[in-house]
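Colleague: build me a structure from this.
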Amino acid sequence: NSPCVHSVSWDARGEGLFIDQGLFEQELLGDGLVAAGEEEFFKTKNFGSIVRQLNLYGFHKLTVSPASSAAGSRPRSAPAGGGSSNLDGPLHHFWNPHFRFDRPDLLVKIKRLTKANKEKLDAGLEVTSRLP
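Modeller: Got it, this is the predicted structure:
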């Protein structure tokens, strides 16, 4: 929800997120962050590693259609200029049933999918989170 990050935004229904890969790599994975004194958010510089982590936490990639990526209809405002970024990176759409706009109470249901957690879920058991 940071107003400084323009590469990640909610979809129109507030049920998923869009990631502009080119802008994401520049804003959050680029080498310029540390040099500029900005906080480093991720230990990786590889966008594929970010996607792999999203998958481990139960996010699914959806097909992006021009209608679903319409600017201005997202709960979080689009970057200045009204559209997606000016970079040529692909736009990715990710969804998780427990990731909703204005529903932080659902976040506790997002669990990392490890072999042990998958076995628990398959057996109908509850997966608990470790305390931070």
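
Colleague: pairing partners for the most centrally placed residue in the chain in the sheet, please.
Modeller: Residue closest to the average C-alpha location in the chain (Cα atoms, centre = their mean): Leu17, at 5.6 Å. On the basis of DSSP bridges, Leu17 is bridged to Trp10, Phe94.

Colleague: the top helix by length along the chain packs against which elements?
Modeller: Assignment by DSSP state H gives helix 47-56 as the longest helix of the chain. Helix 47-56 sits against helix 21-24, with contacts defined as 3 or more Cβ pairs under 8 Å, 6 or more residues apart in numbering; DSSP states H and E. Where you see a C-beta, it was placed from the backbone N, CA and C, and this is true even at glycine.

Colleague: who does the helix it packs on touch, helix- and strand-wise?
Modeller: helix 47-56.

Colleague: next one: the helix it packs on to chain centre, how far?
Modeller: Centre-to-centre, helix 47-56 and its host chain are 9 Å apart (Cα atoms, centre = their mean, to the nearest Å).

Colleague: show me what that helix is in contact with.
Modeller: With contact meaning Cβ atoms under 8 Å, 6 or more residues apart in numbering, helix 47-56 is reached by 21, 24-25, 29, 42, 44, 61, 92, 94, 112-114.

Colleague: could you dump these to JSON lines with pLDDT and distance to Pro3?
Modeller: Shown next, in JSON lines, are those (pLDDT from 0 to 100; distance: Cβ to Cβ, whole Å):
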{"residue": "Gln21", "pLDDT": "93", "distance to Pro3": "20"}
{"residue": "Phe24", "pLDDT": "91", "distance to Pro3": "16"}
{"residue": "Glu25", "pLDDT": "90", "distance to Pro3": "20"}
{"residue": "Leu29", "pLDDT": "87", "distance to Pro3": "19"}
{"residue": "Phe42", "pLDDT": "80", "distance to Pro3": "19"}
{"residue": "Thr44", "pLDDT": "83", "distance to Pro3": "24"}
{"residue": "Lys61", "pLDDT": "94", "distance to Pro3": "26"}
{"residue": "His92", "pLDDT": "95", "distance to Pro3": "21"}
{"residue": "Phe94", "pLDDT": "96", "distance to Pro3": "21"}
{"residue": "Arg112", "pLDDT": "86", "distance to Pro3": "28"}
{"residue": "Leu113", "pLDDT": "82", "distance to Pro3": "31"}
{"residue": "Thr114", "pLDDT": "82", "distance to Pro3": "34"}
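
Colleague: that concludes my questions; thank you for your assistance.
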